[in-house]
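**Q** Next comes the sequence, and after it the predicted model I'd like to discuss.
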Amino acid sequence: MATFGYRLQQAMRQFGPVCVGIDPHPPLLRSWGLTDDVDGLAKFTELCVDAFIGTVALVKPQVAFFEAYGSAGVAVLEHAIADLRDAGTLVLADAKRGDIGSTMDAYARAWLGNGPLGADSLTVSPYLGFGSLAPALELAEHNGRGLFVLAATSNPEGAQVQGARGADGRSIAQTIVDECAQRNAGRDMGSVGVVVGATLTEAPDLSALNGPILMPGVGAQGGGAESIRALVPESVLPLVVPNVSREVLRDGPTVASLRAKVSALQEDFAFLRG
């Protein structure tokens, strides 16, 4: 089975580096003329799926916005994941799961297994200790899936933990990046990626990561090509996956308008192809 890292690398070469989010928050549903209920959620998600299949390397549904509608909302997410993956479009479930022992194992089976929520990759939080991610790391490796580990997020509160330094002088964020790099050693492109905010003023050293770098905060939140260039060494730019959500979604609700925005963004980030 091809690894997630390999499949993502091939998809980025074919479509460009941009990851697009599916974030059906209520104000956006209303701006698209949709109702703030499961019917509106389903219509919104269907339009996004139709627009992004065959146009982007990676699609990132924000799980919380589906969970907010209960089991019916989760069913909409299940259908979206299935439709995207059946069409060959890679899916990153943005669930930010993190726990210990059997609970982390259950999260891994839910999102990285072969059940109805099984995606190609998953965002995870290492802040119960990187070792707590072992069940997800093991299952991702076994099933050819990937992880994006929260390392240096752009929210102001994150620095309290991520910027703290351990006994060896490294920041916690740097320690997380280095742990991921160990899992990617010897690969052309590893499957254990990190999340680094595009709006940060300083990023951890990513030069040895050898895995994908998801960079949210692009577009409406102020990040862009210049901020990415400032944060990431030239040699690492081909590993960057800019994540854009609001910047694309506010151009809806038509499939054509969403695709047009994606096309423009792919041009903006063409320099990441290396």
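**A** It's in. Since the model is a prediction, treat every value here as computed from it, not as a measurement. Residues are numbered from 1 along each chain as shown.

**Q** what residues are up against residue 54?
**A** 15, 87-89 (Cβ atoms under 8 Å, 6 or more residues apart in numbering). From N, CA and C alone the C-beta is placed, and that goes for glycine too.

**Q** For it, give me the pLDDT.
**A** Residue 54 carries a pLDDT score of 94 in this model.

**Q** Quickly note the distance from it to residue 236.
**A** In this structure, residue 54 and residue 236 are 28 Å apart, going by Cβ to Cβ, to the nearest Å.

**Q** swap in residue 148?
**A** 16 Å.

**Q** neighbour count winner among these two?
**A** Higher neighbour count among residue 148 and residue 236: residue 148, with 30 against 19, using other Cβ atoms under 10 Å.

**Q** Can I take it that the more buried one is in a strand?
**A** Yes: the assignment for residue 148 by DSSP: H, G, I helix; E, B strand; the rest coil puts it in a strand.

**Q** so what's it up against?
**A** By Cβ under 8 Å, 6+ apart, the neighbours of residue 148 are 92, 121-124, 193-195, 212, 214.

**Q** got it, and residue 145?
**A** 4, 112, 119-122, 139, 191.

**Q** quick one: low-confidence parts of this structure?
**A** Scanning the chain for pLDDT under 70 picks out 220, 274.

**Q** So in this structure, which helix runs the longest?
**A** helix 70-86 (DSSP state H).

**Q** Who are the packing partners of that one?
**A** helix 38-52, strand 58-61, helix 63-67, strand 90-97 (3 or more Cβ pairs under 8 Å, 6 or more residues apart in numbering; DSSP states H and E).

**Q** most neighbours per residue, which of the ones you listed?
**A** Of all those, strand 58-61 has the most neighbours on average by mean count of other Cβ atoms under 10 Å, namely a mean of 26.
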